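S.K.: let me see the structure of the following:
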Amino acid sequence: MNSQASKRFAHPRLRAIADRGARVADLVFERLAANAMDPNAYPLPRSPESAERMLKKVIDELPAAKRNAIYERARQGLRESATARRLRLGDLARLNLRSGTAIAEQLAGLAPPTSVRIPQREIKQIVDSIIKFPFPGLNEPTAAVSATKLDIHITQVECFLQTFKERGSDEICATVVLLNEKGEISNSNAVDLGSYVDNRVRAFAGPGLALHTLDVSSGTFPKALAFFPVMVERDHAGLASALVLIAAAIGIAGGAGMVVGTATANPVVILIGLAAMLLGVLLDILAWLALDTCITTSDLAGVLVESAQEAPGVLDTSTFTMSEQENFFGNARGIYALTTVASLCA
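M.R.: Model (predicted):
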């Protein structure tokens, strides 16, 4: 499998990190396929919170033909020679599919290769490519008001094409995946966006449709947040499956934070690298499962809150290109644009 995640990243380090995340996801599917053939030789981690267990639950609920096609494709990797496997996976070929330890836990013990280490000289380029700093003067503190929260709202959704083979309108909801400067990953509750057909645009009045709120009144500073949305069709249990897949991707990326090891201890750069890896994992998972209920992006947005005395104001306006992830069944059609605004509020 070749991930689509890295194609939109401007910086080659982020592309390399996203591709590495996709290869990790491939290994998880190979492990599941091997376990289906011989569960004694290829045991899965015991924890139901492991990515392997979460993905197995989703795969087990798929129609038999699709489930078998996923496993058969995954077994192609298992049949490779040792040399071919090393060429495809690099240092990841050292991970042991016969171990009862989760792939994410094994990965955390590997020293990251040079290609995904971010040297000091490239930090500014990478930060500038993702995080939009406020205009000069916007965040000057005032004697009267300091911001206490960061709000993310959706202001507009535009549907260019409906999702693959969809009859009637797309019933869409959205969640946002969030990563902070401590390397903590989460996703918001899902919010309804309404119904969409080709060429429909919906704007949300006022500040927009509330998606997430973060307390920025206390704690350590600077506070950094990288985020990206995932849109989901509510029909056919799409939301429940998508949230499980997001949780599995978070489990892989969160357990493997060392993969974005840098030449410095800059937490904002580590955050951005981890977000790139998470996108690579998630998009590759969706490609393997061929779900036509998830509409994803390979764009990232980010904001930085430098102190507790920031004045209220808009930090970031981002339009994400959203599309149905192409998969090996050839299904991909839905194309959307979703615009968010991140604001500091009193």
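
S.K.: surely residue 267 is in contact with residue 226?
M.R.: No: using Cβ atoms under 8 Å, residue 267 makes no contact with residue 226, being 11.3 Å away. Yep, even glycine has a C-beta here, placed from its N, CA and C like the rest.

S.K.: of the two, which one has the most company?
M.R.: residue 226 (25 against 17; other Cβ atoms under 10 Å).

S.K.: so what strands line up beside the strand or helix carrying that one?
M.R.: Using DSSP states H and E, residue 226 maps to strand 223-233. Strand 223-233 pairs in its sheet with strand 170-180 (antiparallel), strand 294-296 (antiparallel), strand 301-305 (antiparallel), by DSSP bridges.

S.K.: lowest average pLDDT across those?
M.R.: When those are compared by mean pLDDT, strand 294-296 comes last with a mean of 83.

S.K.: you'd agree residue 125 is up against residue 11?
M.R.: Yes: the pair residue 125 / residue 11 is scored as a contact, 6.2 Å apart, by Cβ under 8 Å.

S.K.: more neighbours, those two?
M.R.: residue 11 (18 against 12).

S.K.: how much space separates the more buried one from residue 297?
M.R.: Distance, residue 11 to residue 297, using Cβ to Cβ, to the nearest Å: 17 Å.

S.K.: now swap in residue 270 and tell me
M.R.: Counting by Cβ to Cβ, the gap from residue 270 to residue 297 is 21 Å.

S.K.: between those two, which one's more packed in?
M.R.: Legend: neighbour count by other Cβ under 10 Å for residue 270 and residue 297, higher for residue 297 (26 against 22).

S.K.: OK, contacts around the more buried one?
M.R.: 228, 229, 230, 320, 321, 322, 323, 338 (Cβ atoms under 8 Å, 6 or more residues apart in numbering).

S.K.: one more pass at 10 Å, please.
M.R.: 5, 8, 177, 228-231, 279, 282-283, 318-323, 325, 336-338 (Cβ atoms under 10 Å, 6 or more residues apart in numbering).

S.K.: identify the residue spatially nearest to it, adjacent ones excluded.
M.R.: Residue nearest to residue 297 in three dimensions, not counting chain neighbours: residue 320, with 4.3 Å by Cβ to Cβ, 6 or more residues apart in numbering.

S.K.: over to that neighbour: give its phi and psi.
M.R.: Backbone torsions of residue 320, given as degrees, to the nearest 10, read phi -100, psi 130.

S.K.: number the residues from 400 up from this point.
M.R.: Okay, residue one is now 400; in that scheme the one you just asked about reads as residue 719.

S.K.: how close does it get to residue 623?
M.R.: 19 Å.

S.K.: what about the residue nearest to the spatial centre of the chain, which helix or strand?
M.R.: Nearest to the mean C-alpha position of the chain, counting by Cα atoms, centre = their mean, stands residue 678 at 3.4 Å. Take DSSP H and E as the rule and residue 678 turns out to sit in helix 666-688.

S.K.: follow-up on the earlier one: take the strands paired with strand 622-632 and lay them out in CSV including distance to residue 494 and mean neighbour count.
M.R.: Below are these laid out as CSV (distance: least, Cβ to Cβ, whole Å; neighbours: other Cβ atoms under 10 Å):
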stretch, distance to residue 494, mean neighbour count
strand 569-579, 23, 22
strand 693-695, 25, 27
strand 700-704, 30, 23
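
S.K.: tabulate these (a markdown table), appending distance to residue 514.
M.R.: A markdown table is the format used below for those (distance: least, Cβ to Cβ, whole Å):
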| stretch | distance to residue 514 |
| --- | --- |
| strand 569-579 | 21 |
| strand 693-695 | 24 |
| strand 700-704 | 22 |
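
S.K.: what's the closest of those to residue 648?
M.R.: For residue 648, the closest of these is strand 569-579, at 8.2 Å, according to Cβ to Cβ.

S.K.: go ahead and confirm residue 619 touches residue 705.
M.R.: No: when contacts are counted by Cβ atoms under 10 Å, residue 619 is not listed as touching residue 705 (11.6 Å).

S.K.: more crowded one of the two?
M.R.: residue 705 (13 against 9).

S.K.: backbone phi and psi for the closest residue to that one other than its chain neighbours, please?
M.R.: Excluding its sequence neighbours, the residue lying closest to residue 705 (Cβ to Cβ, 6+ apart) is residue 621, at 4.7 Å. Backbone geometry at residue 621, expressed as degrees, to the nearest 10, gives phi -70, psi 150.

S.K.: tally of neighbours for residue 621?
M.R.: 11.

S.K.: what's the answer for residue 708, then?
M.R.: 13.

S.K.: doesn't residue 546 make contact with it?
M.R.: Yes: counting by Cβ under 10 Å, residue 546 is a contact partner of residue 708 at 8.6 Å.
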